[in-house]
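>>> Below are the sequence and a predicted model; questions follow.
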Amino acid sequence: MEFFAAAFAMAYQFGDAFAFLVISCAGLAIIFGMMGIINLAHGEFIMCGAYVTASTARMGLPLPLAILCGALVAGIVGMLVERIVIRHLYQRPLDSIIATWGISLIATQGVLIVLGSTMQGIGTPLGSIEVGDRSYSAYRLVLMAAAVALLIGLYFLFYHTRFGVIARATIQRPQMAQALGVDTRRVYGLTFGLGAALAGLAGGLYAPTMTMVPTMGATFIVESFVTVVVGGADIFVGAAPAAVILAAIRASLTAWYGQLFGQIGLLIAVIVVIRVMPGGLSAWIKGTRQ
């Protein structure tokens, strides 16, 4: 029984870390990994989704619908940001860093001024489960399932739908797509909005587990960038293996030495991958297949 409890604890920590990495990086993987926009406002889109989720849930909306509202609002905001700012910076990646950093500061300080330094949370649903002498949040198991479903859903969206094929073609060969009659501006706007909506979905899913503050997005952004950089440009080939490896590193080091060493392990991992595999895991995996 003690062995089972210890094994479950380790698996639970791994699954929790895996879910956090996948859910938090999904939107950034599209905006940064696919589109090449270094989006330093990723955390603020997450914060937007979390705030909208908490607000609508307190108004009486069921939590799943509140989470969808958070993702929808973040996606709409993302499309507006793309149309007003990002659209002019696709050929200027370094300028996109400054622009999104400015958007991040404006969003954080604006929420702080308008809504205050904190916001009432909504509490974690579903209670807890007992394994041995320890209790575990049942909602975390839902997040683990959501991470797997998100990976599967994105794969089918980008590889088995018309929008996905057009989006990948437009991002990889915009001149050719435009010559074939594709409205590339519209595709870029929708793709950026999808990335923002996924960031809002991450905020909505984790809203019941976190304190609502304007800077809450900073909790996600380091892990998001680390996962995307380790995974490489292809989010479907690289994101899942990267999340598995980084989750194993984080869960092991956190269990043995504490959360600080788990964070340090992630940063060391990304340094090693950049040095050994500049293209990330996806480039290495594709190279071994050829």
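Received, thanks.
>>> which residues of the stretch 51-200 of the chain fall in helices?
Here the stretch 51-200 of the chain has its helices, by DSSP state H, counting those that start in this stretch, at 63-84, 93-115, 138-159, 162-172, 174-179, 184-206.
>>> Deepest-packed of the ones you listed, please.
Mean neighbours per residue, mean count of other C-beta atoms under 10 Å, is largest over those for helix 184-206, with a mean of 25. For glycine as for every other residue, the C-beta is placed from the backbone atoms N, C-alpha and C.
>>> Tell me which of the helices of the stretch 51-200 of the chain sits nearest to Thr254.
helix 138-159 (14.3 Å; C-beta to C-beta).
>>> now that closest one against helix 162-172, angle please.
On the basis of axes from the mean of the first three to the mean of the last three C-alpha atoms, to 10 degrees, helix 138-159 is oriented at 70 degrees to helix 162-172.
>>> tell me the mean pLDDT over helix 138-159?
Across helix 138-159, the average pLDDT comes to 89.
>>> what does that helix contact?
Residues from elsewhere that reach helix 138-159 (C-beta atoms under 8 Å, 6 or more residues apart in numbering): 12, 15-16, 18-20, 22-23, 26, 124-129, 163-165, 167-168, 198, 201, 205-206, 208-209, 235-236, 239-240, 243.
>>> If I take that helix and helix 63-84, what angle do their directions form?
Using the same axes, to 10 degrees, the direction of helix 138-159 lies 40 degrees away from that of helix 63-84.
>>> can you give me the angle helix 138-159 makes with helix 184-206?
Orientation check (the same axes, to 10 degrees): helix 138-159 against helix 184-206 gives 170 degrees.
>>> Just give me the neighbour total for the closest residue to Phe220 other than its chain neighbours.
Once its chain neighbours are removed from consideration, Phe220 has its nearest residue in Ser24; the separation is 4.2 Å (C-beta to C-beta, 6 or more residues apart in numbering). Using other C-beta atoms under 10 Å, Ser24 has 31 neighbouring residues.
>>> Ser24 is in what secondary structure piece?
Here Ser24 is covered by helix 2-28, with elements defined by DSSP states H and E.
>>> Run through the neighbouring helices and strands of that helix.
helix 42-58, strand 128-131, strand 134-137, helix 138-159, helix 184-206, helix 218-231, helix 235-257 (3 or more C-beta pairs under 8 Å, 6 or more residues apart in numbering; DSSP states H and E).
>>> quick revisit: of all the helices of the stretch 51-200 of the chain, which lies closest to Trp256?
When the helices of the stretch 51-200 of the chain are compared for distance to Trp256 using C-beta to C-beta, the nearest one is helix 138-159, at 20.3 Å.
>>> Now do that closest one and helix 235-257, the angle between them.
Computed by the same axes, to 10 degrees, the angle between helix 138-159 and helix 235-257 is 160 degrees.
>>> Distance check, the closest residue to Leu68 other than its chain neighbours against Leu246.
Computed as C-beta to C-beta, 6+ apart, the closest residue to Leu68 that is not its neighbour in sequence is Gly204, at 7.5 Å. Between Gly204 and Leu246 the computed distance is 23 Å (C-beta to C-beta, to the nearest Å).
>>> Could you do Thr211 as well?
24 Å.
>>> low-scoring stretches of the stretch 1-150 of the chain, by residue?
By pLDDT under 70, the low-scoring segments of the stretch 1-150 of the chain are 1-3.
>>> try 80 this time
1-9, 33-36, 91, 93, 121, 127, 130-134 (pLDDT under 80).
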